[in-house]
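>>> I'd like to go over a predicted model; first the sequence, then the structure.
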Amino acid sequence: MSEDNTQNAVELATELTIAWLGNQNNRASAEDVPAFLRNMHATVTELANGSSGSAGGSADTAAQEDFTPAVSVRKSLASKDHIISLIDGKPYKTLRRHLGTHGLTPEDYKRRYNLKPDYPMVAESYSAARRAMAHKIGLGAKGRQARAAAAPEPVAKPKRAPRAVKG
């Protein structure tokens, strides 16, 4: 019976690996596939044997798991028009909503990929456009003060002399 379980674990791990590779959001190199298949087989075997005693250990390894970025950090910031996500390799103007769909905060994202604290979450051109729009509508205390200083004072109209009444 253990031979059946081993065969089923191999087949199941293989099917899971094929499904993982078939997902268009996952980008894997040829070197990643054997490691993923081994990891998947170990997990399936562990689940088949019902060893739940190591559940705490797997949580520790998940916390220490080294996440492989989809692109390099340099390439993620190569364009001023977008930032490429290290999770899926797709371009975004802002990463905050994208990170939320993956259950991450910007701090978690930076910690996961060992990014510097000043790593931007918004594309440079998008930030500049938003800044220009804010200045245009006068947001910020300095903008209001400058507009008040530049506004011309109202010119008082000269008073007319009252008309003489005939009569």
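Alright, I've got the coordinates.

>>> what lies in contact with the helix or strand where residue 13 lies?
In the assignment (DSSP states H and E), residue 13 maps to helix 2-22. Residues outside helix 2-22 that contact it (Cβ atoms under 8 Å, 6 or more residues apart in numbering): 26, 28, 33, 36-37, 40-41, 43-45, 48-49. All C-beta spots, glycine's among them, are computed from the backbone N, C-alpha and C.

>>> let me have the residues you listed in a markdown table, extended by distance to residue 78.
Below are the contacts of helix 2-22 laid out as a markdown table (distance: Cβ to Cβ, whole Å):
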| residue | distance to residue 78 |
| --- | --- |
| 26 | 22 |
| 28 | 22 |
| 33 | 27 |
| 36 | 28 |
| 37 | 32 |
| 40 | 33 |
| 41 | 37 |
| 43 | 36 |
| 44 | 39 |
| 45 | 42 |
| 48 | 45 |
| 49 | 47 |
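
>>> and of the residues you listed, the nearest to residue 86?
Proximity of the contacts of helix 2-22 to residue 86 (Cβ to Cβ) peaks at residue 26, which lies at 13.4 Å.

>>> that closest one falls within a helix, correct?
No - assessed with DSSP: H, G, I helix; E, B strand; the rest coil, residue 26 is coil; it does not lie in a helix.

>>> the nearest residue to residue 113 once chain neighbours are set aside: what secondary structure?
Counting by Cβ to Cβ, 6 or more residues apart in numbering, residue 113 lies nearest to residue 86, which is 5.0 Å off, once chain neighbours are set aside. Taking three-state DSSP as the rule, one finds residue 86 in the coil state.

>>> now do the phi/psi pair for residue 162.
Reported as degrees, to the nearest 10, the phi and psi values for residue 162 are phi -60, psi 150.
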